[in-house]
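# coords please:
(chains A and B)
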2 protein chains.
Amino acid sequence: MHFAERIMSDLRIDGERLWRSLMELAQIGATPKGGVARLALTDLDREGRDWLVARARASSMAVTVDRIGNVFMRRAGRRADLPPVMAGSHIDTQPTGGKFDGNYGVLAGLEVIRTLADHGVVTEAPLEIAAWTNEEGSRFVPVMMGSGVFCGAFDLAHAYAARDVEGRSVHDELARIGYLGDEEPGRHPVGCYFEAHIEQGPVLEEAAKVIGVVDAALGLRWYDCTVRGTESHAGSTPMTSRRDALAVATRVMQETVALGNRHGPHGRGTVGYVSVFPNSRNVIPGEVRFSIDLRNASAERVDRMDAEIRAFIEQAERESGLAIELAQVAHYPPCPFDPGCVASVERAAAQLGYAHMRATSGAGHDAVYLARVAPTAMIFVPCKGGLSHNELEDAAPAHLEAGANVLLHCMLEKAVVAQP
Amino acid sequence: MHFAERIMSDLRIDGERLWRSLMELAQIGATPKGGVARLALTDLDREGRDWLVARARASSMAVTVDRIGNVFMRRAGRRADLPPVMAGSHIDTQPTGGKFDGNYGVLAGLEVIRTLADHGVVTEAPLEIAAWTNEEGSRFVPVMMGSGVFCGAFDLAHAYAARDVEGRSVHDELARIGYLGDEEPGRHPVGCYFEAHIEQGPVLEEAAKVIGVVDAALGLRWYDCTVRGTESHAGSTPMTSRRDALAVATRVMQETVALGNRHGPHGRGTVGYVSVFPNSRNVIPGEVRFSIDLRNASAERVDRMDAEIRAFIEQAERESGLAIELAQVAHYPPCPFDPGCVASVERAAAQLGYAHMRATSGAGHDAVYLARVAPTAMIFVPCKGGLSHNELEDAAPAHLEAGANVLLHCMLEKAVVAQP
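Okay, the predicted model is just below:
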């Protein structure tokens, strides 16, 4: 067997080392309930970044930082002219976040590099691990900020101008923590991109699979909906004289969920936020505001759901005589991942003998932006009860190890193992 | 024509004087928007009470106060052995209340007495005007406190113990403002009771009627309902894996309104209060709490509505697999008013030539408690747009005058005009 073939079939990452590095990074911003609070561009984020960069340098990686603070950790290949095969994710967390969301993708990448170093494996193309700035969007909006600027979804000035609740800007906070780099975002070549991530949903666990071969991310449309009626006394106003905003709003809420059900298997319809005015037991609601979240795997489906909710609202408006306002506040088109990269993930999972299935990402990830500039795919591993954005977020060490092994073999396949 | 007959056919109250007294009392606690904020047992309530008592004494009325602060203003009849024919309502207001709610019933009564004094009319039975303590319940719970104690709905100790948000008790505040009387509540005889009130609903205005002959007050049941699901990510949780508390709660909310519609014409079904947890756009709600308010004119109907909402909730629980908790938090049985008093109101309205109709009270009033101890009826007059509990509450002087004339003639009929 040739050296490259042997490497490709036998090489495995060190699952215990991966787990230790996850637990170590999770101490920076650790919460009493076992979660992590390490918001973007805080002192804790700097500590986390410094920890990461030190470990990359210890593995002989070259570190560069771009002007939005994205950190690239590079292991040279035999050919410097080839674009790097990249893995990555983010290390910022939600205010009451977990240990795995984002951090896993970055540290799985680091573990891949450490494994190659251990075995003296050199690749033709360089390998890079990216840690994208402010994926969570908890402190600064928009979310997925670093990858968004990198991939041209919005410009640097827009990102720089974002301020936290205390008025501090992204630009100033990047400078303050020492991660305002020189490199122009997006100038950095990317051969292809893989992102390992916990699923943040229940599908893999319910199906008893270890690896989700993520072939697409759902598109979404977010709306604010407002129904305006007339507040009046719940006792002295007969049913026929009412203009009950909640009675109309609940019809639209029901339809939102029904839309998700009708447009399966990837349809999602959610009302997460509701505000009722004046919100008093014996007053018929005069105004109800609520959010609508519609998602699906194809643009055509999302657009059909959009058309159907609009038609429903028009009819409800006609039938009730109440004014209903629908304002779209966000729109991300569905993101099909690169068939070549998806096939690579599927092949690796199969060859490694892991139970796997095709999956879609319902949540946003840096990979969704990266897919705009490079062939991209994601590797999901199960998380306990589908729980994420929660201090109780948990994942099995064996599953995390499996995902990192899949990442290793995808990167090796794309970067090509060099003969010694 | 006998004197009594002439009085009965020709006597009218002074509409302009009634209006002036309404506007004068409304200056005590007047708000910039034209409403009144005169909460029970505040300094402003004392000012209002003092103003009222001074005017009663100026009309030679004897004033007594009972131990819950109810004020009785008595005009002697020829026979002291007969129980008084009573009119009344309350002069406390909501924090952003109007000029007419409650105040109208008391001042219409005062205007009746003034009119009789002007014309030297004496009745066989004494006449009394009552101002009941804390009808609104805005500062101290329970609502309709003075009439509730008077009629034995709850005891004095319970009322005394009620505290406002700053911890001050009803007992101490009554003493502080000088309205902690000596008379044992309920010891006061009542021959019959009439309460004139703005409708606080749209029915009279919509029907272009001047007088509502109120033959009953609706019964009500109040509930708190809680649906418990599982909060999870709106993107990564497929529809089939969801336990969406709001999707189930909105079904119950829809059914609440449908119940009101099914059990017409007096049925009412209202959800006024909704609280969603965690109330975030991209999180499927894990818990929803909301109020249910069911009303109807007969106990049988209210009970049937209760049975139907319980059956619906049981079915929704079975179908969804989510836990739904329903807790009844208040129950007032329907209150049919006294046929003799109702007939008296109807007769007066007809003889005075006012467009009138039978009406039911959807809201609670002191009259609902009084009906437990004496023959009782209410006289409704329209209010603009049905608006009440609002600084913009408004009523037409001609309608207020008409209601007071009906009250005059009801009281004269029951008290019997004495021959000079």
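# And the pLDDT for the residue in the stretch 251-400 of chain A that chain B sits nearest to?
Closest contact between the stretch 251-400 of chain A and chain B, by C-beta to the nearest C-beta, is at residue A:362 (3.2 Å). No exception for glycine: its C-beta is placed from N, CA and C like everyone else's. pLDDT, residue A:362: 93.
# Kindly report the same for the one 10 residues further on.
Residue A:372 is assigned a predicted lDDT (pLDDT) of 96.
# Confirm for me that it is in contact with residue A:151.
Yes - Residue A:372 is within contact range of residue A:151, at 4.6 Å (criterion: C-beta atoms under 8 Å).
# Between the two, point out the one with more neighbours.
Higher neighbour count among residue A:372 and residue A:151: residue A:151, with 20 against 14, using other C-beta atoms under 10 Å in any protein chain shown.
# So the more buried one versus residue A:186, what's the distance?
Using C-beta to C-beta, to the nearest Å, residue A:151 is found at 7 Å from residue A:186.
# can you list residues touching both of the two?
Shared contacts of residue A:151 and residue A:186 (C-beta atoms under 8 Å, 6 or more residues apart in numbering or on different chains): residue A:373.
# sorry, back to before: could you pull up phi and psi at the closest residue to the residue of the stretch 251-400 of chain A closest to chain B other than its chain neighbours?
With C-beta to C-beta, 6 or more residues apart in numbering or on different chains as the criterion, residue A:362 has its nearest non-adjacent residue at 3.2 Å, and that residue is residue B:235. Backbone torsions of residue B:235, given as degrees, to the nearest 10, read phi -90, psi -50.
# do the same with the one 5 residues further on
For residue B:240, the backbone dihedrals are phi -70, psi -10 (criterion: degrees, to the nearest 10).
# what's the burial count for it?
Neighbours of residue B:240 under the rule other C-beta under 10 Å: 11.
# Residue A:45 too?
When neighbours are counted by other C-beta under 10 Å, residue A:45 registers 24.
# Spatially central, which residue of chain A would that be?
residue A:365 (2.4 Å; C-alpha atoms, centre = their mean).
# what ranges do the helices span in chain A?
For chain A, the helices defined by DSSP state H occupy A:3-10, A:15-25, A:43-58, A:103-118, A:145-150, A:156-161, A:170-176, A:203-207, A:245-262, A:299-320, A:339-351, A:366-370, A:397-415.
# Could you export the longest one as PDB, CA atoms only?
This points to helix A:299-320. Only the C-alpha atoms of helix A:299-320 are listed here, as PDB (Å, rounded to 0.1, in the frame of the first residue of the first chain):
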ATOM      1  CA  ALA A 299     -35.900  29.200  -2.700                       C
ATOM      2  CA  GLU A 300     -39.000  28.200  -4.600                       C
ATOM      3  CA  ARG A 301     -40.500  26.700  -1.500                       C
ATOM      4  CA  VAL A 302     -39.600  29.700   0.700                       C
ATOM      5  CA  ASP A 303     -41.100  32.000  -1.900                       C
ATOM      6  CA  ARG A 304     -44.300  29.800  -2.100                       C
ATOM      7  CA  MET A 305     -44.600  30.000   1.700                       C
ATOM      8  CA  ASP A 306     -44.100  33.800   1.500                       C
ATOM      9  CA  ALA A 307     -46.900  34.000  -1.100                       C
ATOM     10  CA  GLU A 308     -49.200  31.800   1.000                       C
ATOM     11  CA  ILE A 309     -48.800  33.700   4.200                       C
ATOM     12  CA  ARG A 310     -49.400  37.000   2.300                       C
ATOM     13  CA  ALA A 311     -52.500  35.600   0.700                       C
ATOM     14  CA  PHE A 312     -53.800  34.300   4.100                       C
ATOM     15  CA  ILE A 313     -53.200  37.700   5.700                       C
ATOM     16  CA  GLU A 314     -55.000  39.500   2.900                       C
ATOM     17  CA  GLN A 315     -58.000  37.200   3.400                       C
ATOM     18  CA  ALA A 316     -57.900  37.500   7.200                       C
ATOM     19  CA  GLU A 317     -57.800  41.300   6.700                       C
ATOM     20  CA  ARG A 318     -60.800  41.200   4.400                       C
ATOM     21  CA  GLU A 319     -62.800  38.900   6.600                       C
ATOM     22  CA  SER A 320     -62.100  40.600   9.900                       C
END
